[in-house]
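S.K.: Give me the fold of what follows.
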Amino acid sequence: MLQARIAKINLPPNSNLSIRLMEPNIYPFAEYALVSNKIESPNMMNYYYFQVKPTMMLAHRKIKNLNKPRNRHFYFMFSHTLIFFMRRPWISIVVLFLVVTIGYISFKNLPTAFLPNW
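M.R.: Prediction:
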């Protein structure tokens, strides 16, 4: 899958992207080399950072598990809850005020743990 995405990248003229399996290793590591005879190294690094690396990162991204009913229900409820509170910001302000008030009251009423009472 990764090599199929890399094959779609338009490389600059006179440049080459080689892939080699790193041996000897327990795990399969691959070395990717982007080289050119006519383009300078800083320009190739910019091309790598803005063209090749994002393509490689997209190829290795995790795909959402929306097939499982539990995950589907979670995404559905989270998105609806988020939209609900975004459309009613006054509820969030009231909840924030209650949390701060409870935190202040509990901070004032809790005894100091192992510190001397000054």
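
S.K.: can you give me the offset of the helix ranked longest in the chain from its chain's centre?
M.R.: Scanning the chain for the helix with the most residues, using DSSP state H, yields helix 89-109. A distance of 31 Å separates the C-alpha centroid of helix 89-109 from that of its chain, computed with Cα atoms, centre = their mean, to the nearest Å.

S.K.: can I have it written out in CSV, keeping just the CAs?
M.R.: In CSV, the C-alpha atoms belonging to helix 89-109 read as follows (Å, rounded to 0.1, in the frame of the first residue of the first chain):
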residue,chain,number,x,y,z
PRO,A,89,-22.9,27.7,25.3
TRP,A,90,-24.7,29.0,28.3
ILE,A,91,-25.0,25.4,29.6
SER,A,92,-21.2,25.0,29.4
ILE,A,93,-20.7,28.3,31.3
VAL,A,94,-23.1,27.1,34.1
VAL,A,95,-21.4,23.7,34.3
LEU,A,96,-18.0,25.4,34.4
PHE,A,97,-19.2,27.7,37.2
LEU,A,98,-20.5,24.7,39.2
VAL,A,99,-17.2,22.8,38.8
VAL,A,100,-15.1,25.8,39.9
THR,A,101,-17.4,26.4,42.9
ILE,A,102,-17.2,22.8,44.0
GLY,A,103,-13.4,22.9,43.6
TYR,A,104,-13.2,26.0,45.7
ILE,A,105,-15.4,24.7,48.4
SER,A,106,-13.6,21.4,48.6
PHE,A,107,-10.2,23.1,48.6
LYS,A,108,-11.2,25.3,51.5
ASN,A,109,-12.8,22.4,53.5
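
S.K.: Other residues contacting that helix?
M.R.: The set of residues external to helix 89-109 that reach it, using Cβ atoms under 8 Å, 6 or more residues apart in numbering, is F85. Bear in mind the C-beta positions are built from the backbone N, C-alpha and C, glycine included.

S.K.: redo that, cut-off 10 Å
M.R.: Helix 89-109 is contacted by residues F84, F85, M86, R88 when judged by Cβ atoms under 10 Å, 6 or more residues apart in numbering.

S.K.: now these as JSON lines including neighbour count and secondary structure?
M.R.: Formatted as JSON lines, the contacts of helix 89-109 follow (neighbours: other Cβ atoms under 10 Å; DSSP: H, G, I helix; E, B strand; the rest coil):
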{"residue": "F84", "neighbour count": "10", "secondary structure": "helix"}
{"residue": "F85", "neighbour count": "12", "secondary structure": "helix"}
{"residue": "M86", "neighbour count": "9", "secondary structure": "helix"}
{"residue": "R88", "neighbour count": "11", "secondary structure": "coil"}
